[in-house]
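Chemist: Provide a 3D model corresponding to the input given below.
(one chain, ligands or ions: 1)
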Amino acid sequence: RNLRQPEIKRTKTVCTYCGVGCSFEMWTRDRHILKVQPVPEAPANGISTCIKGKFAWDFVNSEKRLTMPLIRDNGRFREASWDEALDLVARRLLEVRDRHGPDSLGFIGSSKGSNEQAYLVQKIARLVIGTNSVDNSSRYCQNPATKGLFRTVGYGGDAGSIEDIEQAEVVVIVGSNTAENHPVIASRIKAAQKLRGQKLIVVDPRKHEMAERADLFLRPNASTDLVWASALSRYMFDNDLADMAFLERWVNHVDEYRQSLTPFTLEYAVSMTGIDRDDLIEAAETIGRANSVCLLWAMGITQHSHGSDTSTALSNLLLVTGNYGKPGSGGYPMRGHNNVQGASDFGCLRNMYPGYEKVSDPDARKRWAKGWGVDPEQLSDKVGEGNFLMVQSAEQGAIKAMYVVGEETAYSDANTHNVHTAFESLDFMVVQDVFLSRTAEFADVVLPACPSVEQEGTYVNTERRIQRAYKVLEPLGDSRPDWQILTDLAARMGYDWGYTHPSQIMDECARIAPMFAGVTYERLENWKSQQWPVATDGTDSPLLYTDGFPNEDGKANLHPLEWQEPEESVDGEYDLMLDNGRMLEQFQGANQTGRTAGIWEQVPNGFVEVSPELAAERGIEEGTWVRVSSRRDSLELPAVITDRVRGRTLFMPIHFGKPGVNLLTGEHNDPDVQTPAYKETAVKLEVLDER
Ligand code: SF4
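Modeler: Predicted structure coming up:
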């Protein structure tokens, strides 16, 4: 008999490190996390996890945790009571609103926090303040993918489930380092490839692990993905591989789209992308002849100046080949943060209420006003600003106050110089977070929030799956759950909503938003989950588009496109392109993984990847220190020589340094959604002899 067993508490939680949404039991005694135990019932991952989900939890007990509210006094933070801090925040936010108008305030909800947190952030912005300037970090990553899906098929989420990816005859991974960023999904693809003979096509300028495992690896020149995708669409029409029956029944604008493909010949694609003609044909034949194709994409596509167009081109290709609405098919933007899907679903978007209802739609506005018990006139129908534009408006003096929940905007927005200037120029800034983050250092008031394991809530993973996380530990010190902080704050601004449990917040949202009509905490108990949209009786939607598309005529839309030049490119001085991305072991600015010793020791330092060709040309050896400079600034770091990168492209992980890679990136962005073109940064490289 194990005498220790009774002391061990087992609690179900959901990993907060990526969009796979692994759930598992956390075994604890007092505040000690003894182990993370995956279970077969976990809907997204079963018994799998990765290094982060399994081991990266020490940060929860870090001495650096915020345990008391902080107020800036004469330039320095001092500890304060919750009453003093919340009174001050409420008073100052209302003062700014009354003096400068509701649109002088901007709100950023957390893509790591719960759905209930996101719902309350947008409710405060819209109802209490009266602005639609509310957003989340999907602006920095996946908004272009959502735009592409809205233009073509209609729902802003993955077409099916992880299980569909596993079942597909062919999986195409484009601009996604799946093995490092969505490790458990990558494992399931690897298994399907090995056990079922699933065909894997990878298209990426970088030769990452999945590229090495691919049956066919295409390596296009950077920023040319729209060209090969459109050329493949044209090839389908020209070679009787387009699914004409599907197109006729389910898709609008077929002729117009087909016409728009005229320039996208194979010859043009070869000249633009640098991909071999035979490889393009093999990819087209493999996709065109398969019974089911899932296409996954991520920031290698979206973080470009025309990421929305390229995302649209990928979805067009799936429509042309009839790959929507059947098992094992569809488009799958791989959501990065654990709840970047949920933060958008639950309304932290400048133009949408929860459940993707437009703020400019009078009927939606009326229903939300009724649900919240106010006059429709109280809710603004003016589209607000996303976080990227908020920062620019702050720099120009139009935004005077910001409220940031759990986001590292000062580190992760592009061109951090401008972000810092913007934050310094605000009249008032509040940050609600677990640590004194780089963003919190600019705040006037810092409110100590709990991490996910110290509060209850729900999260949406990349496959639109809503899952419930239970409270594993009590809040540390005086830190509080996000939903509670926001509820208390709203009450101080005249809106006492009286929530005593996050389930009441979900109930309210489900009453108003048709997409979540049948979502309840009871239906999400333990290992149960629901994939939106969820009907009133609780029926959910593991696979979308089986009965048509959520547009007025029930059809999808092919969307004609043209290729456009990237906004930043090389010249005589800045002669190299810099790519950037994540590593398996770390998460974003390393606020959590950097405070987990075992993880941090695995990869404690930044570096820049240099191709063998460039290393030979410049006399660079492994470990040589180099200076990488963009048109904005410079970073000095050691070189790693690897054929993961090719020719005159460099790669840098995003996790390291107080001012990290975004010291170098620029503000050029996708005009459709204002997502910065992080992947389009021209740089020069100098060898530092003296280091
Ligand atoms: Fe967490 Fe993602 Fe790893 Fe799963 S795959 S354990 S969700 S980081």
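
Chemist: Look up the pLDDT of Gly598 for me, please.
Modeler: Gly598 is assigned a predicted lDDT (pLDDT) of 78.

Chemist: Please list all residues in contact with Val534.
Modeler: By CB atoms under 8 Å, 6 or more residues apart in numbering, the contact list for Val534 reads 466, 515-519, 540-541. Yep, even glycine has a C-beta here, placed from its N, CA and C like the rest.

Chemist: Quick check: the residue nearest to it when sequence neighbours are not counted vs the ligand, distance?
Modeler: Distance criterion CB to CB, 6 or more residues apart in numbering; nearest residue to Val534, sequence neighbours excluded, is Gly518 at 4.2 Å. In this view, Gly518 and the ligand are 25 Å apart by CB to the nearest ligand atom, to the nearest Å.

Chemist: Surely Gly518 touches Trp532?
Modeler: No. Using CB atoms under 8 Å as the test, Gly518 is too far from Trp532 to be in contact (9.6 Å).

Chemist: neighbour-wise, which of the two wins?
Modeler: Trp532 (24 against 18; other CB atoms under 10 Å).

Chemist: ok, that one to Val128 distance?
Modeler: Remark: distance between Trp532 and Val128 (CB to CB, to the nearest Å) = 26 Å.

Chemist: Any idea how many residues pack against the residue of the chain found nearest the ligand?
Modeler: Of all residues in the chain, Gly53 sits closest to the ligand, at 2.2 Å by CB to the nearest ligand atom. Residues near Gly53, counting by other CB under 10 Å, number 26.

Chemist: how about it, what does it touch?
Modeler: 15, 17, 22, 24, 36.

Chemist: And it, which helix or strand is it part of?
Modeler: Assigned by DSSP states H and E, Gly53 belongs to helix 51-55.

Chemist: Send me that helix as CSV with only the CA atoms.
Modeler: Provided in CSV are the C-alpha atoms of helix 51-55 (Å, rounded to 0.1, in the frame of the first residue of the first chain):
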residue,chain,number,x,y,z
ILE,A,51,8.2,18.6,-22.9
LYS,A,52,6.4,21.8,-22.1
GLY,A,53,3.1,20.3,-21.0
LYS,A,54,4.9,17.6,-19.0
PHE,A,55,7.6,19.6,-17.3
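
Chemist: chain center to stretch 57-67: distance?
Modeler: Distance, stretch centre to chain centre, for stretch 57-67: 24 Å (CA atoms, centre = their mean, to the nearest Å).

Chemist: Repeat that for stretch 60-71.
Modeler: 26 Å.

Chemist: partners of the nearest residue to Thr13 once chain neighbours are set aside in the sheet?
Modeler: Residue nearest to Thr13 in three dimensions, not counting chain neighbours: Ala469, with 4.7 Å by CB to CB, 6+ apart. Beta-bridge pairing of Ala469 under DSSP bridges involves Gly457.

Chemist: check contacts around Ala469.
Modeler: By CB under 8 Å, 6+ apart, the neighbours of Ala469 are 12-14, 23, 114, 452-453, 456-459.

Chemist: Format those as CSV; extra columns: distance to the ligand.
Modeler: Converted to CSV, the contacts of Ala469 look like this (distance: CB to the nearest ligand atom, whole Å):
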residue, distance to the ligand
Lys12, 14
Thr13, 11
Val14, 8
Ser23, 8
Ser114, 15
Ser452, 11
Val453, 13
Glu456, 19
Gly457, 16
Thr458, 15
Tyr459, 10
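
Chemist: And the residues you listed, which is closest to Leu266?
Modeler: In terms of CB to CB, no member of those lies closer to Leu266 than Tyr459, at 43.5 Å.

Chemist: The closest one - that's part of a helix, no?
Modeler: No. Judged by DSSP: H, G, I helix; E, B strand; the rest coil, Tyr459 forms no part of a helix; its state is strand.

Chemist: Tell me which residues touch it, please.
Modeler: Residues near Tyr459 by CB under 8 Å, 6+ apart: 14, 16, 21, 114-115, 338-339, 342, 452, 466-467, 469.

Chemist: The residues you listed in strands, which ones?
Modeler: Counting by DSSP state E, the part of those found in strands is 14, 466-467, 469.

Chemist: Let's have the residues you listed in TSV, adding pLDDT.
Modeler: Shown next, in TSV, are the ones in strands among the contacts of Tyr459 (pLDDT from 0 to 100):
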residue	pLDDT
Val14	97
Ile466	98
Gln467	98
Ala469	98
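
Chemist: right, is stretch 460-473 up against the ligand?
Modeler: No. On the criterion CB under 6 Å from any ligand atom, stretch 460-473 is out of touch with the ligand, staying 7.6 Å away.

Chemist: about what we covered before: so how far is the helix holding Gly53 off the chain centroid?
Modeler: With CA atoms, centre = their mean, you get 19 Å for helix 51-55.

Chemist: which helices and strands sit right next to whichever helix or strand comes after it?
Modeler: Counting by DSSP H and E, the next helix or strand C-terminal to helix 51-55 is strand 70-73. If you count contacts as 3 or more CB pairs under 8 Å, 6 or more residues apart in numbering; DSSP states H and E, strand 70-73 packs onto strand 76-79, helix 82-100, strand 445-448.

Chemist: pLDDT weak spots in the chain?
Modeler: Residues of the chain meeting the criterion pLDDT under 70: 1-6, 690-691.

Chemist: how does it look with 80?
Modeler: Within the chain, the stretches with pLDDT under 80 are 1-6, 583-604, 656-659, 689-691.

Chemist: Give me every residue in it that's in contact range of the ligand.
Modeler: Counting by CB under 6 Å from any ligand atom, the chain sits next to the ligand at 15, 17-18, 20-22, 45, 49-50, 52-53, 183-184.

Chemist: Pretty sure Lys123 sits in a helix.
Modeler: Yes. Under three-state DSSP, Lys123 sits within a helix.

Chemist: any idea how this structure splits into domains?
Modeler: Split into domains by automatic domain parsing, the chain comes to 5-61, 70-138+339-454+477-502, 143-334, 576-687.

Chemist: Most neighbours among the contacts of Gly53, please name it.
Modeler: Counting neighbours by other CB under 10 Å, Cys15 comes out on top of the contacts of Gly53 with 30 neighbours.

Chemist: Would you mind confirming that it makes contact with Gly21?
Modeler: Yes. When contacts are counted by CB under 8 Å, Cys15 is listed as touching Gly21 (7.0 Å).

Chemist: shared neighbours of these two, anything?
Modeler: Contacts common to Cys15 and Gly21, judged by CB under 8 Å, 6+ apart, are Asn338.

Chemist: before we move on, back to that, winner for burial among the helices and strands packed on strand 70-73?
Modeler: strand 445-448 (a mean of 26; mean count of other CB atoms under 10 Å).

Chemist: May I have the strands that pair with that strand, each with its orientation?
Modeler: strand 70-73 (antiparallel), strand 428-433 (parallel).

Chemist: how about those in JSON lines, adding mean neighbour count?
Modeler: Shown next, in JSON lines, are these (neighbours: other CB atoms under 10 Å):
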{"stretch": "strand 70-73", "mean neighbour count": "16"}
{"stretch": "strand 428-433", "mean neighbour count": "25"}
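
Chemist: Indicate which one of the ones you listed is closest to Asp276.
Modeler: strand 428-433 (48.2 Å).

Chemist: Now the residue most central in space within the chain: closest residue in space, sequence neighbours ignored.
Modeler: Taking CA atoms, centre = their mean, the centroid of the chain lies closest to Gly336, which sits 4.0 Å from it. Sequence neighbours aside, Cys141 is the residue nearest to Gly336 in space, at 5.0 Å (criterion: CB to CB, 6+ apart).

Chemist: for the one you found, what are its contacts?
Modeler: Counted by CB under 8 Å, 6+ apart, Cys141 has contacts 298-299, 302-303, 336-337, 340, 675.

Chemist: could you redo the last one with a cut-off of 10 Å?
Modeler: By CB atoms under 10 Å, 6 or more residues apart in numbering, the residues touching Cys141 are 19, 111, 298-299, 302-303, 307, 333-337, 340, 412, 675-676, 678.
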